[in-house]
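based on what follows, work out the 3D shape:
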Amino acid sequence: MRTENGYMPDKSLKRVSALASNYAQGQVVADKNIGVILQELPNLTLWQIAAWPDRLSEISRITADTIGVEAAPGPGKSKVFENRAMLRVEPLKFWIIGITAPKISPTKGTILDLSHSRTHVRIAGPQAQVLLNRHLPLDLRDKSFAPGSVASTAFHLVGVTLWRSPSGFELFLPRSFALSIWELLCESAAQFGYEIA
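Purely as a prediction, here's the structure:
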């Protein structure tokens, strides 16, 4: 049976993490400290909704209602309700996380399922900001990249999306580059001490 979006999932298929070959929970301690906590959040549900310019306000309202928030976030910002989130990744594009996308007419915008194309990694801990600033060309200090901020950027020439959620820094990595970026993060985090949760 097809879903309302026309997609018929195959229940026999199991999603395999791009990090499966190199993901071992544990700690690497530096000077008796753990400064960074790294964690993959598996089974990502991620939809991109793009509005046509003359339908932005309508798509914003529909998407905000789906998440359960009063209004859509502005560009480079996010809104969170319970275990769902809405990120404004571009002026006319939203990402919604943790919930299925609403049905939208093609005359108003487009919907794209990005769930299998991205690996979701959370970086938290007292040295998370310092670690990321060594790899990303962004000013991640609180005054420049406050909680709730979203940015499209590059990690060693690979396009990534960074969101500062209530739980830490969330990196959305293209699946094909996820393992190499994960290895770089682990190598760089060793100087601070890190835990893979």
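
pLDDT wise, what is the spatially most central residue of the chain at?
The centre of the chain sits closest to residue 172, judged by CA atoms, centre = their mean, with a distance of 4.0 Å. Predicted confidence (pLDDT) for residue 172: 98.

which residues in this protein form helices?
Applying DSSP state H to the chain gives helices spanning 56-67, 128-133, 175-189.

got the buried residues for the first one?
Pointing back at helix 56-67 there. Applying a neighbour-count criterion of 16 or more other CB atoms under 10 Å, the buried positions in helix 56-67 are 56, 59-60, 62-64, 66-67. The way it works is simple: take the backbone N, C-alpha and C, and place the C-beta from them, glycine included.

distance-wise, check the closest residue to residue 46 other than its chain neighbours relative to residue 91.
Nearest residue to residue 46, sequence neighbours excluded (CB to CB, 6 or more residues apart in numbering): residue 114, at 4.5 Å. Going from residue 114 to residue 91 by CB to CB, to the nearest Å gives 18 Å.

comparing those two, which residue is more hemmed in?
residue 114 (17 against 11; other CB atoms under 10 Å).

quick check, pLDDT for the more buried one.
Reported pLDDT for residue 114: 96.

for it, give me phi and psi.
Torsion angles at residue 114 (phi, psi; degrees, to the nearest 10) stand at phi -100, psi 10.

just checking, it touches residue 96?
No: counting by CB atoms under 8 Å, residue 114 does not reach residue 96; the two are 10.1 Å apart.

which neighbours do those two share?
Common neighbours of residue 114 and residue 96 are listed as 46-47 (criterion: CB atoms under 8 Å, 6 or more residues apart in numbering).

and the gap between the nearest residue to residue 38 once chain neighbours are set aside and residue 90?
Excluding the flanking residues, the one nearest residue 38 by CB to CB, 6+ apart is residue 196, at 5.2 Å. To residue 90, residue 196 is 32 Å away according to CB to CB.

more crowded one of the two?
residue 196 (20 against 14).

how much space between the more buried one and residue 55?
Counting by CB to CB, the gap from residue 196 to residue 55 is 43 Å.

chain neighbours aside, what residue packs nearest to residue 112?
The shortest distance from residue 112 to any non-neighbouring residue, by CB to CB, 6+ apart, is to residue 48 (4.5 Å).

count of neighbours near residue 92?
Count around residue 92 with other CB under 10 Å applied: 17.

I'd say it and residue 50 touch.
Yes: assessed by CB under 8 Å, residue 92 is found in contact with residue 50 at 5.8 Å.
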